[in-house]
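In: Next come a sequence and a model predicted from it.
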Amino acid sequence: MFPDEVDTPLDSAARIRFQRYRGLKSFRSSPWDPMENLPLNYSRIFQFQNFDRTRHRILAEAAAEDEGAMVGWYVTLHIMDVPFSVMESVQSGKPLVLVSLLPHEQKMSVMHVLVRRHPSNTEPIKSKEELVFHCGFRRFRASPIFSQHTSADKHKMERFLRPDAPTVVSVYAPITFSPAGVLLFKQKDDGIQDLVATGSVLSCDPRRVVLKRIVVSGHPFKINRRSAVVRYMFFNRDDIMWFKPVELRTKWGRRGHIKEALGTHGHMKCVFDNQLRSQDTVMMNLFKRVYPRWTYDPYVPLSLPWVKREVTVVLDDSDME
């Protein structure tokens, strides 16, 4: 019922183990500064002041240009400093594809892609697992993070790629203007790439806040009307005082707060908006901001051709009957 639930450590203090997490009174309305404690990789990326306005301007300028080769023309290209691997590919008979870039498309940033799980793939895909992206004309490997597709200013991280809802995939990648189709593949150990999801480019926004949630739980020990003694959420007095400002909730919809610590072994007195039941569970939600890993790799090995495996099943005479 609670996939985000974690156990409070017994050998270390919870205020140190969860020091990067914080409590939110409301996930929808509580403020979160998108420029706070940014990782070092954010110094290597580009950020638009307004991505949609820049995209409309660049695509309009590209459509209005009359320069360049028209349809049906024969063009001679002179290319300098070609790597030897490209020449080997051309000599082996593979076509050489040349693509022109729009302004800013040579820069790195945080790209967000809206995808849906492909029905042919059913194996679990974890967040930060390496996938192969076919984004427009580009192909690269990266380790993205998944989040919910909502209109709020904060988005909850998904631990797995969900099969029943659209998911936003965030990754460090070269800037690509939408509309651009995206295919996600997972490389197997035998070299075959399985199609995982399909979608399109959503936006380029390093300020998008993706929050990971964990749930710390405890159990009511003694109940006296609206107050209750809760145990097993923390195991020392200092942790209780550290997390005292964070709001509590229960499995059955009660809300409350920590009033005081009792003793030195983690018992605490809590007050709720209504009387608790003995089989209820007290929970505390904690959040931290997460970022994708910088594992961008433009070199992707070619996928082996898909081969249908035919399995021969030997049936006994009894099975035939």
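Out: Perfect, thanks for sending it.
In: My read is that residue 62 contacts residue 102, right?
Out: Yes - under the contact definition of C-beta atoms under 8 Å, residue 62 touches residue 102, with a separation of 6.3 Å. Yep, even glycine has a C-beta here, placed from its N, CA and C like the rest.
In: Now do the helices in the stretch 51-200 of the chain.
Out: For the stretch 51-200 of the chain, the helices identified by DSSP state H, counting those that start in this stretch occupy 51-64, 84-91, in order along the chain.
In: Check the ones you listed for me: which has the lowest mean pLDDT.
Out: The stretch with the lowest mean pLDDT among the helices of the stretch 51-200 of the chain is helix 84-91, at a mean of 78.
In: got the CA coordinates for that one in PDB?
Out: Once non-C-alpha atoms are left out, helix 84-91 reads as follows in PDB (Å, rounded to 0.1, in the frame of the first residue of the first chain):
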ATOM      1  CA  PHE A  84      38.100   7.600 -39.700                       C
ATOM      2  CA  SER A  85      35.100   5.600 -38.200                       C
ATOM      3  CA  VAL A  86      32.700   7.600 -40.400                       C
ATOM      4  CA  MET A  87      34.800   6.700 -43.500                       C
ATOM      5  CA  GLU A  88      34.700   3.000 -42.500                       C
ATOM      6  CA  SER A  89      30.900   3.200 -42.200                       C
ATOM      7  CA  VAL A  90      30.600   4.800 -45.700                       C
ATOM      8  CA  GLN A  91      33.000   2.300 -47.300                       C
END
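In: For it, which outside residues touch it?
Out: Under the contact criterion C-beta atoms under 8 Å, 6 or more residues apart in numbering, helix 84-91 has outside partners residue 96.
In: Nearest to residue 208, out of the helices of the stretch 51-200 of the chain?
Out: Evaluated over the helices of the stretch 51-200 of the chain, closeness to residue 208 peaks at helix 51-64, with 10.8 Å, by C-beta to C-beta.
In: in the closest one, what counts as buried?
Out: For helix 51-64, burial by neighbour count (16 or more other C-beta atoms under 10 Å) applies to 51, 54, 55.
In: now do stretch 242-259
Out: Within stretch 242-259, the residues scored as buried using 16+ other C-beta under 10 Å are 242, 243, 246, 248, 249, 250, 254, 256, 258.
In: Among those, which pair sits farthest apart?
Out: Between all members of these, the longest pairwise span (C-beta to C-beta) is found for 242 and 254 and amounts to 22.7 Å.
In: what's across from residue 270 in the sheet?
Out: For residue 270, the residues forming beta bridges with it (DSSP bridges) are residue 228, residue 258.
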